[in-house]
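**Q** how would this look folded up:
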Amino acid sequence: MNPIQLFFASLCLALVAAPASADRYTLAGRVVDVSDGDTITLLVGTERHPIRLASIDAPETRHGSDRPGQAFGQASRKALAELVAGKTLTAACFERDRYKRDVCDIEVDGTTANRLQVKAGMAWANQQAGGKYLRDKSLVALESEARKAGLGLWSEEKAVPPWVWRSRCWKEGKC
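**A** Numbers count the residues shown, from 1 in each chain. Below is the predicted model:
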């Protein structure tokens, strides 16, 4: 397959695997893993569900020797773990992504872990691709407040959004 055919084939698979946007669903279970600042694993009965927190993008953690982590990657993972690790929680989900993760808001203490991560300066409101991944518009104001207060990753003068980091560092090798 050439690259264009491969792209359209993967796009078709993603569309078939993902429920329609109107088909929101919930998952309830215990958090058994926190991979990074925006990805957890929820144990629902005996099934493990990888969950990608909706509307946010956290600093990247190291993924092998060829994919170094960003500043605040581990701090973001740790902050999310403190919010959710080992707890039984409900995930309000929108869809499954191309990596077969459920994309969800994680309910915690009357709000969401998604919002708490952004409010603490541990993640960005995901505005890549013109904001197409930003379902919770309130995150923009929370990010602005964290930025003004210099919280978390905003204590760095030139914080690089993860979507830029992945392209520059991981794809182009300009870390």
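**Q** and the longest strand for the chain?
**A** In the chain, with assignment by DSSP state E, the single longest strand is strand 25-36.
**Q** where in this protein is pLDDT low?
**A** Scanning the chain with the threshold set as pLDDT under 70 gives 1-22, 68.
**Q** how about the strands in it?
**A** For the chain, the strands defined by DSSP E occupy 25-36, 39-44, 47-53, 56-57, 88-96, 102-108, 111-112, 124-125.
**Q** burial of the nearest residue to residue 102 once chain neighbours are set aside, as a residue count?
**A** Distances taken as Cβ to Cβ, 6 or more residues apart in numbering put residue 93 closest to residue 102, at 4.7 Å, once the chain neighbours are dropped. Glycine gets a C-beta too; all of them are placed from N, C-alpha and C. Neighbourhood size, residue 93 [other Cβ atoms under 10 Å]: 22.
**Q** Also the one 10 residues further on?
**A** Burial measure for residue 103: 19 neighbouring residues, criterion other Cβ under 10 Å.
**Q** Could you tell me the phi and psi values at the residue sitting nearest the centre point of the chain?
**A** For the chain, the residue nearest the mean C-alpha position is residue 38 (3.4 Å; Cα atoms, centre = their mean). Backbone torsions for residue 38, taken as degrees, to the nearest 10, come to phi -140, psi 20.
**Q** For it, give its distance to residue 103.
**A** Distance, residue 38 to residue 103, using Cβ to Cβ, to the nearest Å: 10 Å.
**Q** Overlap of the contact sets of those two?
**A** Shared between the contact lists of residue 38 and residue 103 (criterion: Cβ atoms under 8 Å, 6 or more residues apart in numbering) are residues 52-53.
**Q** rewinding a little: the residue nearest to residue 102 reaches residue 25, doesn't it?
**A** Yes - the pair residue 93 / residue 25 is scored as a contact, 5.2 Å apart, by Cβ atoms under 8 Å.
**Q** So what would you say the end-to-end distance of stretch 65-76 is?
**A** The first residue of stretch 65-76 is 20 Å away from its last residue (Cα to Cα, to the nearest Å).
**Q** and residue 132, how many neighbours?
**A** Neighbourhood size, residue 132 [other Cβ under 10 Å]: 9.
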